[in-house]
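Q: I would like to see how this sequence folds:
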Amino acid sequence: MFENLSKKLEEAFAKLRKRGKLSEADVKAGLKEVKMALLEADVNFRVVKDFIKKVEEKATGQEILKSLTPGQQVIKVVNEELIGLLGEKNEKLSLEKSKGISVIMLLGLQGCGKTTTAVKLASLLKKNGHNPCLVSADIYRPAAIEQLKTLAEKNGLYVHPSSTSEKPKDIARRAYEYSIENNYDILIIDTAGRLHIDTALMDELKEIAESVPISEKILVGDSMTGQDAVNVAKEFDLQIGITGIILTKMDGDARGGAALSMRAITGKPIKFIATGEKVDAIEPFYPDRVASRILGMGDVLTLIEKAQDAIDAEKAAELEKKIREESFTLDDFREQLIQIKNMGPLEEIINMIPGIGNFKKMGNLQVSDKELKKIEAIINSMTKKERLNHSIINGSRRKRIAKGSGTSLQDVNRLLKQFAQMKKMLKSFSSGKSGKRMMRFPF
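A: Just a heads-up that it's a prediction; the model follows:
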């Protein structure tokens, strides 16, 4: 999402770092490039103007200009202001209970991803110990009710039945009463959207909000729509009074300006971001972590959290034992690939490693989910005996494996060579010689 913006900002900062001392003119020239990078990323021009003004006031102070590392100090100011722009801290859901239940109403235009977001949010809440109930109050979009039911059932979530013959406010009220009677502690209402904001849509949302006590009115915003997403957020907030935002499609190739503008324009916090199509592809929005990603500094905390969720502790302990005993096989390697894939898109995971941008820029690091799939296909085309002892894979076996996996002989040879090198490296680690050797690796 922020790759182009990160690249442009890094170029601007690189010029500042190269200079020993900085004058006010140097800082202003650097910030001019930052300003252009933000505008090109589709950040609202008023937001950019205020942001640059605040940074310039702090970055041109004598304390910074006379410091030993003025370039780094300017970047520090940009980082601090970026965090402030995004909201300072993570804002949790306000789950105020009425009669033992909290009600979350999801709002947004048609196509923004409300229905899938409803299921993602319910799944996340269930994982955190809640007992959520879902209901669709979208009586207009073909198959909207059925879509929610299908997605929810696949993920073990309950959807209260609704019908296109009912009024949305009646659907919400009935689901609310049912949830109370059946000990659900959260009700998530998936509302209808339109292609554009109109009076009928707003009136319907107001009626739903009046029919049940709402704890959160969450706007689901499509981050791919750029400046228009900001206008939509402003209008929904003006008419309905949103309490927070969930940004969807953050894994797309849009310029990312919506994420940087919506909070500043509405004053309402971004609470979650959706980063993919899978039901677990939703995460709390941490301004400091997102700012760190934008500035190419990585995001270690989110990386750790994803690893903890995706990696089985028992299997990790078993793997460690195998490494110590030098019995690590291609079967074990395949298992590790599967766990890495469970953490999310590989490009996204790689970008969370601090300093990784420099290696990518130099062409020293080229990774993709496609490569992981290719490796997995090659290992899957091997026999059990071959996976347990790769040294028996001779020329004829390699040809068979390449044909069976739909890859080339060169791909198979490369994998086996890399696996042999990995085993050698792991052997040196387990024998306690890793101290000096690890210094050779970039991360």
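Q: ranges for the strands of the stretch 51-200 of the chain?
A: If DSSP state E, counting those that start in this stretch is used as the criterion, the strands of the stretch 51-200 of the chain fall at 102-107, 132-136, 158-160, 186-190.
Q: counting contacts, what elements does the third one pack onto?
A: Yep, that's strand 158-160 we're talking about. Counting contacts by 3 or more Cβ pairs under 8 Å, 6 or more residues apart in numbering; DSSP states H and E, strand 158-160 packs against strand 132-136, helix 144-154, helix 168-181. C-beta here means a position set from N, CA and C on the backbone, and glycine is covered the same way.
Q: so can I have JSON lines of the ones you listed showing mean pLDDT?
A: Putting the helices and strands packed on strand 158-160 into JSON lines (pLDDT from 0 to 100) gives the following:
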{"stretch": "strand 132-136", "mean pLDDT": "97"}
{"stretch": "helix 144-154", "mean pLDDT": "94"}
{"stretch": "helix 168-181", "mean pLDDT": "96"}
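Q: could the ones you listed be laid out in TSV, adding mean neighbour count and distance to Val119?
A: Shown next, in TSV, are those (neighbours: other Cβ atoms under 10 Å; distance: least, Cβ to Cβ, whole Å):
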stretch	mean neighbour count	distance to Val119
strand 132-136	26	7
helix 144-154	18	4
helix 168-181	19	15
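Q: between these, which one is nearest to Leu109?
A: Across those, Leu109 has its closest neighbour in helix 144-154 (13.8 Å, Cβ to Cβ).
Q: and that closest one, C-alpha only, in PDB?
A: Extracted C-alpha coordinates of helix 144-154, given in PDB (Å, rounded to 0.1, in the frame of the first residue of the first chain):
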ATOM      1  CA  ALA A 144     -26.300  -9.800   0.600                       C
ATOM      2  CA  ILE A 145     -28.100 -11.800   3.300                       C
ATOM      3  CA  GLU A 146     -27.000 -15.100   1.900                       C
ATOM      4  CA  GLN A 147     -23.400 -13.900   1.500                       C
ATOM      5  CA  LEU A 148     -23.100 -13.000   5.100                       C
ATOM      6  CA  LYS A 149     -24.600 -16.300   6.200                       C
ATOM      7  CA  THR A 150     -22.300 -18.300   4.000                       C
ATOM      8  CA  LEU A 151     -19.100 -16.500   5.100                       C
ATOM      9  CA  ALA A 152     -20.100 -16.700   8.800                       C
ATOM     10  CA  GLU A 153     -21.000 -20.300   8.800                       C
ATOM     11  CA  LYS A 154     -17.600 -21.200   7.200                       C
END
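Q: Quick one: distance of that helix to the chain centre.
A: Centroid displacement of helix 144-154 relative to its chain, using Cα atoms, centre = their mean, to the nearest Å, is 23 Å.
Q: Nearest residue to Cys148 in space, please, no chain neighbours.
A: Careful, residue 148 is Leu and not Cys. Beyond its immediate neighbours in the sequence, the residue positioned closest to Leu148 (Cβ to Cβ, 6 or more residues apart in numbering) is Ser136, lying 4.4 Å away.
Q: show me what contacts that neighbour?
A: The contact partners of Ser136, taken as Cβ atoms under 8 Å, 6 or more residues apart in numbering, are Thr115, Ala144, Ile145, Leu148, Lys149, Val159, Ser162, Ile171, Asp190.
Q: One more: Ser381?
A: Arg400, Ile401, Ala402, Gly404, Ser405.
Q: Pull the most distant pair out of those.
A: Arg400 and Ser405 (9.6 Å).
Q: Specify which residue of the two has the higher count of neighbours.
A: Taking other Cβ atoms under 10 Å, Arg400 and Ser405 do not tie; Ser405 has more neighbours (20 against 16).
Q: My guess is Arg263 contacts Gly84. True?
A: No - between Arg263 and Gly84 there is no contact under Cβ atoms under 8 Å: 10.0 Å.
Q: which one of these two has more residues nearby?
A: Set Arg263 next to Gly84 and count neighbours by other Cβ under 10 Å: Arg263 wins out with 23 against 14.
Q: quick revisit: the helices and strands packed on strand 158-160 into TSV, with extra columns for distance to Ser102?
A: Formatted as TSV, the helices and strands packed on strand 158-160 follow (distance: least, Cβ to Cβ, whole Å):
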stretch	distance to Ser102
strand 132-136	9
helix 144-154	18
helix 168-181	10
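Q: To Glu56, which of the ones you listed lies closest?
A: strand 132-136 (46.2 Å).
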